[in-house]
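*Asks:* Need the 3D shape of this:
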Amino acid sequence: MAGDMKGQSDCDLDIISMQCDNEARYRKQITITRPIFTEETFQEGYRISTSNSSATAKLRRSCTSNLSSLSGHGLCLAVLKFFPIIGWLKEYNWRKDIIGDVISGLTTAVMRIPQEMAYALLATVPAVYGLYSAFFPVILYAVLGTSKHISIGTWAVVSIMIGNAIDAVIDVELSNINNGTSEMAEMTSGISAEDNTMLRVQIATSLCLLVGIIQTLMGVLRLGFVTNYLSEPLVRGFTTGAAVHVFTSQFPKLLGIKTTRRTGVITLVYTYIELFTKLKQTNPCAVIMSVLALMMLILIAEMNDLQAHKSWCRREGRKGKKLPIPSELFVVICATLASFLGRFESRYNLSVVGDIPTGVPVPTVPSLRGSMSLFGSAFAMAIVGFAISISMAQLFAKKHEYEVEANQELIAYGSCHIFGSFFRCFPHATSMSRTAVQEGSGGKTQLAGVISALVVVVILLRLGPLFSQLPQCILGAIIVVALRGILRQIKDLPLLWKVNNVDFAIWLLTFLCVCLLGVDLGLLCGVGIALVTIVLRTQIPNSSIIGAIPNTDIYRDVARVPDAREIPGIKIFCFSSSLCFINADNFKNSLFQKVGINPQKRLIAKHKGDLNKKLEYSHCDEEPRNNVHQVQTIIIDCCMFNYIDTVGVKTLQTLITDYDKVDIRVVLANCKETVRQSLLKSATLNKKEAIGLDRMYLTLHDAVADHMPSQKDDNFKHVGVKIQNEISYETGV
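*Replies:* The predicted structure is shown next:
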């Protein structure tokens with residue numbers, strides 16, 4: 001029996017093996033017969049569109065399109081585009097979606113109230129201004145925004161940037177009072193604690209207005225693409241470093257210690273030194289409340305994360321969604337009651353939030369005095385806030401299958417900032433944690449954000465004073481726990497190290513710069529580091545010699561693909577970057593090295609009457625190849641050339657001229673339209689050395705077929721090309 005089974009198994013294996021052999025033997029094949037094309041002969045036989053793609057023509061077409069939009073139909077479309085609320089309200093399913101939006105709005109409001117107050121203190125302004133920032137911008141974004149799910153409001157990273165900017169301005173102004181150069185001397189000289197608070201509010205409001213102006217101008221000028229220059233590793237490294245600053249700034253509140261706020265370089269080091277020196281001043285009541293709050297917040301947060309993960313793993317179609325536990329509000333209520341009943345402020349000297357005025361602020365025109373010193377910080381906040389907000393908006397838009405428009409989002413964020421600055425709001429962005437809660441609890445549209453903002457109004461009108469005894473250490477604990485998601489981004493490093501070392505370096509160096517140099521300067525350094533890596537990769541790209549795969553029209557790097565063979569008499573050179581002034585010299589040297597022939601040195605040797613191979617190859621790192629003297633044609637594969645500037649054109653012209661002098665023809669293949677146009681226009685620079693269409697081939701195979709020597713030699717049989725004024729080849733096994 002066992003023998004029969006073994007025989008049957010062997011038979012099955014033989015059948016499978018025969019099937020695989022047959023599939024390999026009868027694999028689909030391609031047979032092509034066509035003429036050999038240069039760009040010149042191709043354009044003679046086929047019509048090429050002559051549409052003008054210059055910058056002037058594009059500007060003219062854009063102006064024409066904008067003028068046509070002034071018609072009645074165009075104006076209607078423009079209004080719908082500028083006010084997206086009209087579109088989604090018209091299609092809103094009140095019976096199906098209203099319940100989800102109401103539940104989501106209430107859930108988000110429960111989380112929003114304590115976070116807004118905490119982030120206001122992080123921005124060094126009273127807690128009530130965080131509530132203002134949770135109402136006015138949210139209402140306007142629902143009208144102008146294109147995202148249905150993001151939660152606009154205060155955010156930890158932007159708040160720490162605001163606090164640093166305010167401290168820096170006040171320090172500079174106070175230092176300039178004595179010599180009379182301060183723009184705000186009359187406001188900063190001899191100010192009380194209350195006046196200092198109002199000054200901070202005024203500076204924060206000015207920042208909000210500046211951020212709004214910058215973002216609105218960017219939207220009008222269609223600069224929504226600017227954030228493309230902030231790569232994901234850069235943004236994640238920056239936000240993680242900023243989160244370390246936020247985390248450190250909350251330690252004094254958690255321990256009940258009063259420390260000096262610092263700005264500038266190595267502030268983290270100085271802050272931790274001061275913390276350790278003042279550990280004896282720790283407030284036991286603050287420590288106990290902080291520990292209890294942290295334990296409860298972390299426990300409930302982990303439970304919410306686990307619940308969200310289970311919900312995500314379930315199939316869609318289930319009825320309802322489990323709501324997250326409102327840990328922040330629960331902790332705030334318990335801590336406020338304990339502080340009020342136990343009189344912690346008077347008995348244990350515990351810092352509390354203080355008076356929260358009721359009512360909505362009267363609109364006032366924000367001051368722009370001293371705005372020049374705030375412009376750099378405002379620009380950084382505008383870019384960072386938009387980068388985070390648009391990335392979150394695009395993430396949830398992809399998930400729910402709709403689109404967000406980056407330029408309209410810029411206009412929406414800018415308008416929210418400008419509008420909010422009249423009501424004493426400070427700069428804001430999208431909160432990642434609140435956005436996840438708003439979407440996860442069933443939110444369908446920005447109506448959920450409006451409902452959460454209305455809950456904040458109720459707090460402002462009636463319930464604000466109830467939070468006056470809320471300990472500040474509790475708000476510090478809320479901020480620390482809210483940073484969990486950002487701090488977890490440090491897990492990116494092992495994956496980036498395996499995938500891309502350059503991205504790993506950008507992430508790590510940006511993180512270190514932010515931690516050591518400060519948030520604003522660290523962001524600038526991170527952008528500089530990212531740009532340097534791009535320049536280096538452009539300046540020193542990979543280059544290679546290309547060979548033909550036998551009996552095919554496929555060409556691959558001979559150093560990487562052993563089956564690829566060089567074609568005798570022909571060298572195919574590939575340069576993995578566009579050709580411009582940055583890498584033109586590297587392109588020339590790489591070509592000399594890979595091909596093995598320096599025409600200038602060969603000419604010198606000819607003039608001396610002694611063709612010395614050592615002299616010929618003294619420029620190259622590689623040893624001379626045995627067939628160097630047989631090289632008759634050099635083909636430059638231009639498939640990686642997205643553009644070529646005047647320096648690149650001159651480099652090609654010089655190479656072609658020099659190689660012509662030593663009887664080696666240089667031709668180009670796979671030239672893109674932009675490259676062809678640049679090369680043809682180069683005739684105006686030097687007509688004698690102009691590169692014409694006769695030197696440009698459609699494909700590598702065309703160039704190889706047109707320059708291949710006699711095929712009687714067995715060395716050419718593997719190429720798979722027959723020359724009879726046409727290309728005819730078969731590919732297969």
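
*Asks:* helices or strands up against whichever strand or helix holds residue 195?
*Replies:* Using DSSP states H and E, residue 195 maps to helix 193-220. If you count contacts as 3 or more Cβ pairs under 8 Å, 6 or more residues apart in numbering; DSSP states H and E, helix 193-220 packs onto helix 156-176, helix 185-188, helix 371-400, helix 406-421. C-beta coordinates here come from the backbone N, C-alpha and C atoms, glycine included.

*Asks:* what pLDDT does the residue lying closest to residue 429 once chain neighbours are set aside get?
*Replies:* Distances taken as Cβ to Cβ, 6 or more residues apart in numbering place residue 385 nearest to residue 429, at 3.6 Å, with adjacent residues excluded. Reported pLDDT at residue 385 in the predicted model: 90.

*Asks:* Name all residues that make contact with residue 385.
*Replies:* Counting by Cβ atoms under 8 Å, 6 or more residues apart in numbering, residue 385 makes contact with 155, 158, 211, 215, 413, 427, 428, 429, 430.

*Asks:* Please tabulate those in JSON lines, including the columns distance to residue 449, pLDDT and neighbour count.
*Replies:* Formatted as JSON lines, the contacts of residue 385 follow (distance: Cβ to Cβ, whole Å; pLDDT from 0 to 100; neighbours: other Cβ atoms under 10 Å):
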{"residue": "155", "distance to residue 449": "15", "pLDDT": "88", "neighbour count": "27"}
{"residue": "158", "distance to residue 449": "18", "pLDDT": "91", "neighbour count": "28"}
{"residue": "211", "distance to residue 449": "20", "pLDDT": "94", "neighbour count": "33"}
{"residue": "215", "distance to residue 449": "19", "pLDDT": "94", "neighbour count": "30"}
{"residue": "413", "distance to residue 449": "14", "pLDDT": "95", "neighbour count": "32"}
{"residue": "427", "distance to residue 449": "18", "pLDDT": "93", "neighbour count": "34"}
{"residue": "428", "distance to residue 449": "12", "pLDDT": "91", "neighbour count": "32"}
{"residue": "429", "distance to residue 449": "14", "pLDDT": "91", "neighbour count": "26"}
{"residue": "430", "distance to residue 449": "11", "pLDDT": "89", "neighbour count": "24"}
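
*Asks:* Who are the packing partners of the helix or strand harbouring residue 435?
*Replies:* Here residue 435, judged by DSSP H and E, is contained in helix 432-440. Contacts defined by 3+ Cβ pairs under 8 Å, 6+ apart place helix 432-440 against helix 94-122, helix 284-313, helix 371-400, helix 447-458, helix 484-487.

*Asks:* Show me what that helix is in contact with.
*Replies:* Residues contacting helix 432-440 (Cβ under 8 Å, 6+ apart): 104-105, 107-108, 111-112, 115, 149-151, 153, 155, 308, 311, 321, 324, 388, 392, 396, 448-449, 452, 482, 485-486.

*Asks:* So which bits of that helix are buried?
*Replies:* 432, 433, 434, 435, 436, 437, 438, 439, 440 (16 or more other Cβ atoms under 10 Å).

*Asks:* same question, stretch 197-213
*Replies:* Buried residues in stretch 197-213 (16+ other Cβ under 10 Å): 199-213.

*Asks:* Can I get it in PDB? Just the C-alpha atoms.
*Replies:* Coordinates of the C-alpha atoms in stretch 197-213 are reproduced here as PDB (Å, rounded to 0.1, in the frame of the first residue of the first chain):
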ATOM      1  CA  THR A 197      -1.300  88.200  31.200                       C
ATOM      2  CA  MET A 198      -3.100  90.600  28.900                       C
ATOM      3  CA  LEU A 199       0.100  91.300  27.000                       C
ATOM      4  CA  ARG A 200       0.500  87.600  26.400                       C
ATOM      5  CA  VAL A 201      -3.100  87.400  25.100                       C
ATOM      6  CA  GLN A 202      -2.400  90.400  22.800                       C
ATOM      7  CA  ILE A 203       0.700  88.800  21.400                       C
ATOM      8  CA  ALA A 204      -1.100  85.400  20.900                       C
ATOM      9  CA  THR A 205      -4.000  87.300  19.100                       C
ATOM     10  CA  SER A 206      -1.500  89.100  16.900                       C
ATOM     11  CA  LEU A 207       0.100  85.700  16.100                       C
ATOM     12  CA  CYS A 208      -3.300  84.300  15.200                       C
ATOM     13  CA  LEU A 209      -4.000  87.200  12.700                       C
ATOM     14  CA  LEU A 210      -0.500  86.800  11.100                       C
ATOM     15  CA  VAL A 211      -1.000  83.100  10.700                       C
ATOM     16  CA  GLY A 212      -4.400  83.700   9.100                       C
ATOM     17  CA  ILE A 213      -3.000  86.300   6.700                       C
END
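
*Asks:* How far off centre is that stretch?
*Replies:* Distance of stretch 197-213 from the chain centroid (Cα atoms, centre = their mean, to the nearest Å) equals 27 Å.

*Asks:* repeat for stretch 131-143
*Replies:* Here the centre of stretch 131-143 is set off from its chain's centre by 26 Å, with Cα atoms, centre = their mean.

*Asks:* got it, and stretch 88-105?
*Replies:* Averaging C-alpha positions (Cα atoms, centre = their mean) puts stretch 88-105 32 Å from its chain's average.

*Asks:* ditto for stretch 434-442
*Replies:* Worked out by Cα atoms, centre = their mean, stretch 434-442 lies 23 Å from the chain centre.

*Asks:* Now do the helix holding residue 195 and helix 94-122, the angle between them.
*Replies:* Computed by axes from the mean of the first three to the mean of the last three Cα atoms, to 10 degrees, the angle separating helix 193-220 from helix 94-122 equals 130 degrees.

*Asks:* What angle do helix 371-400 and helix 193-220 make with each other?
*Replies:* Using the same axes, to 10 degrees: helix 193-220 against helix 371-400 is 60 degrees.

*Asks:* which is the next helix or strand following helix 193-220?
*Replies:* According to DSSP H and E, the helix or strand after helix 193-220 is helix 232-249.

*Asks:* What's the first helix or strand after that next one?
*Replies:* Next helix or strand after helix 232-249 toward the C-terminus (DSSP H and E): helix 251-255.

*Asks:* between the helices and strands packed on helix 432-440, which gets nearest to residue 269?
*Replies:* helix 484-487 (19.2 Å; Cβ to Cβ).

*Asks:* what's that closest one packed up against?
*Replies:* Looks like helix 484-487 contacts helix 232-249, helix 432-440 (3+ Cβ pairs under 8 Å, 6+ apart).

*Asks:* mind exporting that helix as CSV, just the C-alpha atoms?
*Replies:* What follows is helix 484-487, C-alpha atoms only, in CSV (Å, rounded to 0.1, in the frame of the first residue of the first chain):
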residue,chain,number,x,y,z
ARG,A,484,1.1,59.2,23.7
GLY,A,485,0.3,58.9,20.0
ILE,A,486,3.0,61.4,19.0
LEU,A,487,5.7,60.0,21.2
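
*Asks:* What average pLDDT does it get?
*Replies:* Mean predicted confidence for helix 484-487 is 85.

*Asks:* Going along the chain from it, find the next helix or strand for me.
*Replies:* helix 492-499.
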